[in-house]
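Novice: missing the sequence, but the structure's below:
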Ligand SMILES: NC(=O)C1=CN([C@@H]2O[C@H](COP(=O)(O)OP(=O)(O)OC[C@H]3O[C@@H](n4cnc5c(N)ncnc54)[C@H](OP(=O)(O)O)[C@@H]3O)[C@@H](O)[C@H]2O)C=CC1
Ligand SMILES: O=C1O[C@H](COP(=O)(O)O)[C@@H](O)[C@H](O)[C@H]1O
């Protein structure tokens, strides 16, 4: 177990949704599991007029997000957590000086003996990230003389390659790269981390993990919800920026990367950057004709209930051209992956919530069961990121009896079968890592920029190019009708939990 030193966590944007919904519940879990250091306080900072008491009421005692968690605890225990939380009202001074903030930090540090170790968590609108870093530096609050200082930066990290570079440059004026922790909550998911273990702790997969054995790789990220209350944010973002540039390309990098020489943060991140840099950047023609499909959900009835179309959602422009569905085909230009297509899609208002990586293996080089009609592409490795977290291997077995009837069988592992193991939630894991100075699961500046290098041309063409279509799909279906066109007639999307051919025990030669 790594050591967690005494420290303070200062959250900018503490009156916001993320703090109440994710950060405080994650800290609460760490508290219950005894993972917080002995001397630890949280200082919430934003412009809203709150006090220590009203902040505690809001994010602990009256919070819907803690209701279930606090039920199991006694009053004293809950108070023990709430008493670690404090609040500083900045007035309008996000963009003025932090003198009073600095004074408050010093007071808390002395009163609670937290030492000079501080994490600053930027959970404000992204336009303020650089301003806050600047103001911290201006007030001398970034100095590491009396304890380390770390900066956690929320997504989105930039809006394009240019803005991401600008933000990196801006932050680097005040904090060094090792001090900066760019959060991507998908990296905090156990099953995403398990991609590394599946590949590099087993000898059975890695020899097959290349162009000689893999026909194509497919990644689906589906959400059943729409944009909910975030229409204003989402309409300026879209599926490609919101999910693909960050979370999905992080998953891609773990699938694509070469084995690192060790499990240290820099070794893993070096390989991820190489992987991202090897994604073939698309020409306008490829964006237009072969490799991308975008779409928006339209009004429909789902489970008997009327569901709004995207353009009717609150905060969304009625003429919006922002995509809620993005499907991208691409290639990886390196020795291992030459010629292997990757198909990645993400969307809102799909029939279900599911994220999975499917490795489709090639058919055997010499097929001896052809006459019986053996299904040729039956070998698959399916990594279920969520829900039903686990790994499924699909392979053919002989049906007992005369001749060679082949049936598909499954080897299926569920994380839930490890009943004894407590699985940390993503934010919990990531916060604890940052507290311990472990940046392995955070994105480095060059990783983020490499991901934008790949995404920028697609976004640019979608926005400014000629003849780019915006398809519609009824809320509650698996995307637009022509979504399989990306496979050029050689395949189709596997819809998690829906393909008859992927059901356990499905007979391939009946
Ligand atoms: N909510 C979520 O699920 C997720 C959010 N994020 C990211 O986290 C960050 C925070 O998101 P979220 O909590 O949802 O956002 P909210 O809008 O709910 O909260 C933003 C916070 O910043 C402060 N703020 C808002 N506008 C200004 C302004 N103009 N000047 C100064 N302060 C301002 C607000 O407090 P006050 O007005 O009191 O100052 C509030 O505390 C964003 O960057 C978002 O992209 C990332 C992933 C998921
Ligand atoms: O970052 C985001 O992720 C969520 C989906 O996260 P998950 O952990 O529930 O899969 C998505 O809804 C949101 O739009 C996006 O900003």
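Specialist: Structure's in. What do you need? Since the structure is predicted, the reported quantities are computational estimates derived from the model, not experimental observations. Ligands and ions are numbered 1, 2, ... in the order given.

Novice: mind checking the end-to-end distance for stretch 37-55?
Specialist: 22 Å (CA to CA, to the nearest Å).

Novice: what do you get for stretch 24-38?
Specialist: 18 Å.

Novice: can you give me the mean pLDDT across it?
Specialist: Mean pLDDT, computed over stretch 24-38, is 96.

Novice: Can you mark which positions in that stretch are buried?
Specialist: Across stretch 24-38, burial judged by 16 or more other CB atoms under 10 Å covers 24-32, 35-37. Any C-beta I mention is one placed from the backbone N, CA and C, and that applies to glycine too.

Novice: One more: stretch 244-260?
Specialist: Neighbour-count burial for stretch 244-260, counted by 16+ other CB under 10 Å, picks out 244-257, 260.

Novice: Relative to residue 453, how far out is residue 165?
Specialist: 10 Å (CB to CB, to the nearest Å).

Novice: Ignore what I typed, I meant residue 46.
Specialist: With the distance defined as CB to CB, residue 46 ends up 34 Å from residue 453.

Novice: next one: stretch 173-193 to chain centre, how far?
Specialist: Chain-centre distance of stretch 173-193: 11 Å, with CA atoms, centre = their mean, to the nearest Å.

Novice: and it, average pLDDT?
Specialist: If you average the pLDDT over stretch 173-193, you get 95.

Novice: Quick check, residue 151 in contact with residue 175.
Specialist: Yes - using CB atoms under 8 Å, residue 151 is in contact with residue 175, at 4.9 Å.

Novice: what is in contact with these two at once?
Specialist: residue 133 (CB atoms under 8 Å, 6 or more residues apart in numbering).

Novice: more crowded one of those two?
Specialist: residue 151 (23 against 20; other CB atoms under 10 Å).

Novice: how would you label that one: helix, strand or coil?
Specialist: Following DSSP: H, G, I helix; E, B strand; the rest coil, we place residue 151 in the strand state.

Novice: Around ligand 2, pick out the residues from the chain.
Specialist: Contact residues, the chain versus ligand 2 (CB under 6 Å from any ligand atom): 223, 242-243.

Novice: Dump the residues you listed into a markdown table; add pLDDT and neighbour count as well.
Specialist: Below are the residues of the chain next to ligand 2 laid out as a markdown table (pLDDT from 0 to 100; neighbours: other CB atoms under 10 Å):
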| residue | pLDDT | neighbour count |
| --- | --- | --- |
| 223 | 97 | 19 |
| 242 | 96 | 23 |
| 243 | 97 | 22 |
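
Novice: ok, these vs residue 480, which is closest?
Specialist: residue 223 (16.3 Å; CB to CB).

Novice: Tell me how far that closest one lies from residue 352.
Specialist: Taken as CB to CB, the span from residue 223 to residue 352 is 9 Å.

Novice: Equivalent analysis for residue 125, please.
Specialist: Going from residue 125 to residue 352 by CB to CB gives 31 Å.

Novice: Just checking whichever helix or strand residue 56 is part of against ligand 1, any contact.
Specialist: According to DSSP states H and E, residue 56 maps onto helix 52-56. No - using CB under 6 Å from any ligand atom, helix 52-56 never reaches ligand 1; the gap is at least 10.8 Å.

Novice: does ligand 1 sit close to stretch 310-326?
Specialist: No - contact of stretch 310-326 with ligand 1 (CB under 6 Å from any ligand atom) is absent, the minimum separation being 11.9 Å.

Novice: what about residue 466, is that helix, strand or coil?
Specialist: coil.

Novice: now swap in residue 137 and tell me
Specialist: What three-state DSSP gives for residue 137 is helix.

Novice: Just give me the neighbour total for the residue nearest to it when sequence neighbours are not counted.
Specialist: Closest residue to residue 137 apart from its sequence neighbours, by CB to CB, 6 or more residues apart in numbering: residue 174 at 3.8 Å. As a burial measure, residue 174 scores 20 neighbours (other CB under 10 Å).

Novice: How about the stretch 201-350 of the chain: which residue is closest to ligand 1?
Specialist: Closest residue of the stretch 201-350 of the chain to ligand 1, CB to the nearest ligand atom: residue 233 (6.5 Å).

Novice: mean confidence for the helix or strand that that residue is a member of?
Specialist: Assigned by DSSP H and E, residue 233 belongs to helix 231-235. For helix 231-235, the mean per-residue pLDDT is 94.

Novice: Next: stretch 344-363.
Specialist: 96.

Novice: Use 43 as the first number for this chain going forward.
Specialist: All set: I'll call the first residue 43, so the last point we hit is now stretch 386-405.

Novice: How far away from the center of its chain is it?
Specialist: On CA atoms, centre = their mean, the centre of stretch 386-405 falls 15 Å from the chain's centre.

Novice: Go through it and flag the buried ones.
Specialist: Of all the residues in stretch 386-405, those buried under the rule 16+ other CB under 10 Å are 386-393, 396-404.

Novice: Can you tell me how far the closest residue to ligand 2 within the stretch 443-552 of the chain is from residue 230?
Specialist: Of all residues in the stretch 443-552 of the chain, residue 468 sits closest to ligand 2, at 6.6 Å by CB to the nearest ligand atom. In this view, residue 468 and residue 230 are 3 Å apart by CB to CB.
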